[in-house]
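Peer 1: Would you be able to build a 3D model of this:
(one chain, ligands or ions: 1)
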Amino acid sequence: FYGGVSLWQLLTGDAQRGATVELPALSVHDQPRYAWRGFMLDSARHFQSTDFVKRLIDAMALHKLNVLHWHLTDDQGWRIEIKKYPKLTEVGAWRVPPGPAAAADIDPATGKPRVYGGYYTQDEIRDVVRYAAQRHIEIVPEIDMPGHAQAAIAAYPELGTGEKPGVSVDWGVHTYLFNVEDSTFAFIENVLDEVVALFPGKYLHVGGDEAAKDRWQASPAVQARLRSLGLKDETALQGWFLERLETMLEKRQRKLIGWDEILESALPPEATVMSWRGTKGALEAARKGHDVVLSPAPQLYLNNLQSLADGELPARLDALVSLQNLYGFEPTPPELTADEARHVLGAQGNLWTEHMRTEAMIEYAVFPRMAALAEFDWSPVGARDWKRFVQRLPAQFERYRALGIGYADSAFRVQATADGTQGTLAAQGKEGQI
Ligand code: ACM
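Peer 2: Down below sits the predicted model:
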């Protein structure tokens, strides 16, 4: 399959579309550096059509990526149909867009603010999974627990700690967590049964990130459970939650992967860690013998602004993730010994979609940064060369145009500054545009 992609690349290595191409007889000896060449799509904050997800899968395959991490549940939306719990999508897949203007946008049909959302039916998911498999891409679904659960709790308040929130209409870390009742674990078992039936891949992502403990601390029922288990605190309780998830996944022949917060409590050795709060989680995980995937913020967060050029589309402004800096990322932290480094499965670019309301905005954020990601996930260390990458980009842009993939050329837009105030987003007047 990848030989075919390489041949296509060779045949389209000239930026002149329609030019005659002659290739000498040649043989290609090549292999990927990493087994996990990933891209994460957040379909919870904003929703994308299955056609778009398939086009993204096509593009991933042409970049020789092989893992699509699909972030399907969050505070702002539950996007996967679960037959046993229809309200997850009847209620949990719909929200009012953020901001006062949207709240004032009354739908005459209902007399209420117009809602935004959508979800994937099980038939659609099966179709996308099959499409990905044909392109040698495994889809790793993420069901985020115990935090980022507000949409699920909006649908079934009995899963939470006594409140009845709506589906979130705002960004940031929220405090609605699944509770720790046996009935909630029964719910999770049932959800996982349906998820596992849809996704035949080895891994299932259980989230674990940003589970702010305020409501667990305030809930008498959660506190009673914590005490009866003899646990020290809420972090230990999340560890206990996670162990239950691990057991559930093992029973279903799946491997658990979660964000690096899962390292904060006792963690079964089989668990794989996704290092996102920088790379320190990767060091700790590999040293403790866990497999690890590098997807650190801000370096591999493709929702971050990519240049200071005028006309950039909405993006996160905490950090600039330029094409050149991204290209220079090294997935295996040099601090690891050779033995520890064997636990590094690879690296993954993450695309959180708070600021990506449209599919065009997603393409702009992703391409050509996906090409940079592909090089450090695939190529041997010594083969990386920024100048040569830049020389090859006009041909890559021509491929994007031929395939109808929107991309950003802002890395190459000339910028002139007159007074030496470049360098901070504030100085550029870009603060507050989030
Ligand atoms: C994350 O960015 N919350 C994993």
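
Peer 1: residue contacts, G289?
Peer 2: Counting by Cβ atoms under 8 Å, 6 or more residues apart in numbering, G289 touches 269, 343. Quick note: C-beta positions are derived from backbone N, CA and C, even for glycine.

Peer 1: now Q48, nearest residue through space, not along the chain?
Peer 2: E359 (5.8 Å; Cβ to Cβ, 6 or more residues apart in numbering).

Peer 1: again, but for L393
Peer 2: Excluding the flanking residues, the one nearest L393 by Cβ to Cβ, 6+ apart is P368, at 6.3 Å.

Peer 1: Quickly note the distance from that neighbour to the ligand.
Peer 2: Distance, P368 to the ligand, by Cβ to the nearest ligand atom, to the nearest Å: 23 Å.

Peer 1: who's in contact with that residue?
Peer 2: Residues near P368 by Cβ under 8 Å, 6+ apart: 323, 393, 396-397, 400, 407-408, 411.

Peer 1: Can I get the residues you listed in JSON lines including secondary structure and neighbour count?
Peer 2: What follows is these, written out as JSON lines (DSSP: H, G, I helix; E, B strand; the rest coil; neighbours: other Cβ atoms under 10 Å):
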{"residue": "L323", "secondary structure": "helix", "neighbour count": "21"}
{"residue": "L393", "secondary structure": "helix", "neighbour count": "20"}
{"residue": "Q396", "secondary structure": "helix", "neighbour count": "22"}
{"residue": "F397", "secondary structure": "helix", "neighbour count": "18"}
{"residue": "Y400", "secondary structure": "helix", "neighbour count": "21"}
{"residue": "Y407", "secondary structure": "coil", "neighbour count": "21"}
{"residue": "A408", "secondary structure": "coil", "neighbour count": "21"}
{"residue": "A411", "secondary structure": "helix", "neighbour count": "18"}
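
Peer 1: on that earlier part again, roughly how far does the residue nearest to Q48 sit from G404?
Peer 2: The gap separating E359 from G404 is 12 Å, by Cβ to Cβ, to the nearest Å.

Peer 1: Can you check my assumption that E312 lies in a helix?
Peer 2: No: applying DSSP: H, G, I helix; E, B strand; the rest coil, one finds E312 to be coil, outside a helix.

Peer 1: Would you list the phi and psi of L68?
Peer 2: phi -100, psi 110 (degrees, to the nearest 10).

Peer 1: Please name the residues that touch the nearest residue to it once chain neighbours are set aside.
Peer 2: Distance criterion Cβ to Cβ, 6+ apart; nearest residue to L68, sequence neighbours excluded, is I139 at 4.8 Å. By Cβ under 8 Å, 6+ apart, the contact list for I139 reads 67-70, 128-129, 132, 199, 201.

Peer 1: and P394, which of the three is it?
Peer 2: Following three-state DSSP, P394 is assigned to helix.

Peer 1: That one reaches A15, doesn't it?
Peer 2: Yes: applying Cβ atoms under 8 Å as the test, P394 and A15 come out as touching, 4.2 Å apart.

Peer 1: What's the local residue count around K251?
Peer 2: K251 has 11 neighbouring residues, counting by other Cβ atoms under 10 Å.

Peer 1: Dihedrals phi and psi, it?
Peer 2: Note on K251: backbone dihedrals following degrees, to the nearest 10 are phi -60, psi -30.

Peer 1: Count the residues that sit near the closest residue to E138 other than its chain neighbours.
Peer 2: The spatial neighbour of E138 that comes closest, neighbours along the chain excluded (Cβ to Cβ, 6+ apart), is G201 at 4.1 Å. Neighbourhood size, G201 [other Cβ under 10 Å]: 18.

Peer 1: residues touching G201, list them.
Peer 2: Contacts of G201 by Cβ under 8 Å, 6+ apart are 138-140.

Peer 1: Out of these, which comes closest to the ligand?
Peer 2: The nearest member of those to the ligand, counting by Cβ to the nearest ligand atom, is V140 at 13.8 Å.

Peer 1: beta partners for that closest one?
Peer 2: V140 forms beta bridges with H69, as assigned by DSSP bridges.

Peer 1: give the contact list for it.
Peer 2: V140 makes contacts with 38, 67-70, 199, 201, 203-205, 257, as judged by Cβ under 8 Å, 6+ apart.

Peer 1: Just send those back as JSON lines, with secondary structure too.
Peer 2: Below are the contacts of V140 laid out as JSON lines (three-state DSSP):
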{"residue": "G38", "secondary structure": "strand"}
{"residue": "V67", "secondary structure": "strand"}
{"residue": "L68", "secondary structure": "strand"}
{"residue": "H69", "secondary structure": "strand"}
{"residue": "W70", "secondary structure": "strand"}
{"residue": "F199", "secondary structure": "coil"}
{"residue": "G201", "secondary structure": "coil"}
{"residue": "Y203", "secondary structure": "strand"}
{"residue": "L204", "secondary structure": "strand"}
{"residue": "H205", "secondary structure": "strand"}
{"residue": "I257", "secondary structure": "strand"}
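
Peer 1: Next secondary structure after the lowest-mean-pLDDT helix or strand in the chain?
Peer 2: Lowest by mean pLDDT, DSSP states H and E among the helices and strands of the chain is helix 100-103, with a mean of 84. Toward the C-terminal end, the helix or strand that comes next after helix 100-103 (DSSP states H and E) is strand 106-107.

Peer 1: tell me what that next one is packed against?
Peer 2: strand 112-113 (3 or more Cβ pairs under 8 Å, 6 or more residues apart in numbering; DSSP states H and E).

Peer 1: Which strands or helices does the strand it packs on pack on?
Peer 2: Using 3+ Cβ pairs under 8 Å, 6+ apart, strand 112-113 sits against strand 106-107.

Peer 1: Pull the distance from stretch 96-108 to the chain's centre.
Peer 2: 27 Å (Cα atoms, centre = their mean, to the nearest Å).
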